[in-house]
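**Q** Fold the stuff below for me.
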Amino acid sequence: MPKDLAEFGGILKVKVVKIEGFAETAGFMDKTDPFVELKMGEETFKTAVKNNAGGSAEFNEQFCFDKQEGEQTMRLRVLDSDTLSNDLLGSRDIDLDDSSTGNGWYTVVSNGKETGKVFLEFAYD
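**A** Down below sits the predicted model:
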């Protein structure tokens, strides 16, 4: 990773490896069907939905962002796929200008409470 990722411009590869610690169920007799959404600038990517996976799932899906110099924030959201609408399980903004940003666990929150964590891997071209 470059020391100042916010100033990096080019292809930023982000791999959603797995999630852990989220609610196993999303209502009466309904296991959580999680997926992860990443957004930076005008680009949004979503993993496949893991039907009935519960609160932990492996994705191992990589996405390539066309990152512009100066873009500092990536939005990370974990959702439960439902027929009528998707329910937000948790979210956070990742500061690409923070020196601690890199491969590892990212805790997400909902209504001020930690709801689970996502393991991400970063690479750039």
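**Q** Gly70 - how many residues pack around it?
**A** The number of residues packed near Gly70 is 11, by other Cβ atoms under 10 Å. Just so you know, the C-beta spots here come from the backbone N, C-alpha and C atoms, and that holds for glycine as well.
**Q** In this structure Gln72 contacts Ile94, no?
**A** No. Applying Cβ atoms under 8 Å as the test, Gln72 and Ile94 come out as separate, 9.4 Å apart.
**Q** Which neighbours do those two have in common?
**A** When Cβ atoms under 8 Å, 6 or more residues apart in numbering defines a contact, no residue borders Gln72 and Ile94 alike.
**Q** So which of those two has more stuff around it?
**A** Neighbours were tallied for Gln72 and for Ile94 using other Cβ under 10 Å; the higher tally belongs to Ile94 (19 against 14).
**Q** Any idea what Asp87 is bridged to?
**A** As for beta bridges, Asp87 partners with Asp80 under DSSP bridges.
**Q** Look up the pLDDT of it for me, please.
**A** Per-residue pLDDT puts Asp87 at 93.
**Q** Start at 30, not 1
**A** Right, with 30 as the first residue, what we last looked at is Asp116.
**Q** and it, how many residues sit next to it?
**A** 15.
**Q** Do I have it right that it meets Thr54?
**A** No. With the criterion set as Cβ under 8 Å, Asp116 and Thr54 do not qualify as a contacting pair; they are 11.6 Å apart.
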